[in-house]
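J.: Need a 3D model of the following:
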Amino acid sequence: MAESTKSGFLREPRLQDCLVFLDKLRKSGVTNMFDVRQTLRAAFPDLTTKQAAEVVAYWLRTFTVRAHKEAS
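T.: Okay, here's the model as predicted:
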């Protein structure tokens, strides 16, 4: 996922779980989404801090595309 490509630490089903979690968290309005790495790690404790940062960065980069698909 670094540099816009998914690395081996997070396979597609796991990535989707993280993205769904982040989407739901954003919709809830409970937290600032730019500081969400620790919340993601609490929900997925096997992620390292670096991996959580990469997931959040991927989520941010792909948000517009995924939100557009969701609205269709």
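
J.: where in the chain is pLDDT low?
T.: 1-9, 68, 70, 72 (pLDDT under 70).

J.: mind running it again at 90?
T.: 1-14, 29-35, 61, 63-72 (pLDDT under 90).

J.: next one: the lengthiest helix in the chain to chain centre, how far?
T.: Longest helix in the chain by number of residues, with DSSP state H as the criterion: helix 49-71. How far helix 49-71 lies from its chain's middle: 5 Å, per Cα atoms, centre = their mean, to the nearest Å.

J.: got it, and stretch 61-72?
T.: Worked out by Cα atoms, centre = their mean, stretch 61-72 lies 13 Å from the chain centre.

J.: hey, C-alpha coordinates of that stretch in CSV?
T.: The C-alpha coordinates for stretch 61-72 follow below in CSV (Å, rounded to 0.1, in the frame of the first residue of the first chain):
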residue,chain,number,x,y,z
ARG,A,61,-6.2,8.4,-1.4
THR,A,62,-9.0,6.2,-2.5
PHE,A,63,-11.9,7.8,-0.6
THR,A,64,-13.3,9.8,-3.4
VAL,A,65,-13.4,6.8,-5.8
ARG,A,66,-15.0,4.6,-3.2
ALA,A,67,-17.5,7.2,-2.1
HIS,A,68,-18.5,7.8,-5.7
LYS,A,69,-19.1,4.0,-6.2
GLU,A,70,-21.1,3.9,-3.0
ALA,A,71,-23.3,6.8,-4.2
SER,A,72,-24.1,5.1,-7.5
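
J.: Which other helices and strands does the longest helix of the chain contact?
T.: helix 12-28, helix 37-43 (3 or more Cβ pairs under 8 Å, 6 or more residues apart in numbering; DSSP states H and E). Using the backbone N, CA and C atoms, a C-beta is placed for each residue, glycine as well.
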